[in-house]
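[1] my questions concern the predicted model and sequence given below.
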Amino acid sequence: MSNALDDADERIWQVVAQIPRGRVATYGQVAALAGLPRGGRRVGRAMAQLPQGSALPWHRVINAAGRTAIPGAGGERQRRLLRAEGVMFVNGKVNLQRWRWCP
DNA sequence: CCCCTGACATCGT
DNA sequence: GACGATGCCAGGG
């Protein structure tokens, strides 16, 4: 069976999948595009529960401050993946005005 | 049902 | 820019 919550997760994945290589989006932005205006935390949880090796470009999702929000060593891995796509980090953060995905 | 916690966001100090 | 408080949504004990 399917309920509204599963549909929301599906929309979240759909949005994240559209973020172009070399660009980033914030949790709040993804939530809004997925039809969840104040669902930033919801998006973070959806990302946290993705299985490793997922095809979803989860690393392109960062917080509103332009920083990676993953605890532990995950943040460094995320920054490595983004830099590999050309996204530049200055003082540990991304200039959203420049790298934010604007659909 | 109450309380705490988290890959969030925003505001005030 | 760092911090704490507040609001928000969902899980878990």
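    Noted; the coordinates are in hand. Numbers count the residues shown, from 1 in each chain, chains lettered A, B, ... in the order given.
[2] for A:R42, which non-adjacent residue is closest in space?
    A:L36 (5.7 Å; Cβ to Cβ, 6 or more residues apart in numbering). From N, CA and C alone the C-beta is placed, and that goes for glycine too.
[3] quick one: contacts for that neighbour?
    When contacts are counted by Cβ atoms under 8 Å, 6 or more residues apart in numbering, A:L36 is found next to A:8, A:11-12, A:42-43.
[4] would you list those residues in TSV and tack on distance to DNA strand B?
    Output for these, formatted as TSV (distance: Cβ to the nearest atom of the strand, whole Å):
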residue	distance to DNA strand B
A:A8	13
A:R11	16
A:I12	11
A:R42	7
A:V43	6
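[5] and the residues you listed near DNA strand C, which?
    Of the residues in the contacts of A:L36, proximity to DNA strand C by Cβ under 7 Å from any atom of the strand holds for A:8, A:42.
[6] what is the nearest of the contacts of A:L36 to A:A25?
    Using Cβ to Cβ, A:V43 is the member of those that lies nearest A:A25, at 9.5 Å.
[7] so A:L56 touches A:Q18, yeah?
    No. A:L56 is beyond contact range of A:Q18, at 10.5 Å (criterion: Cβ atoms under 8 Å).
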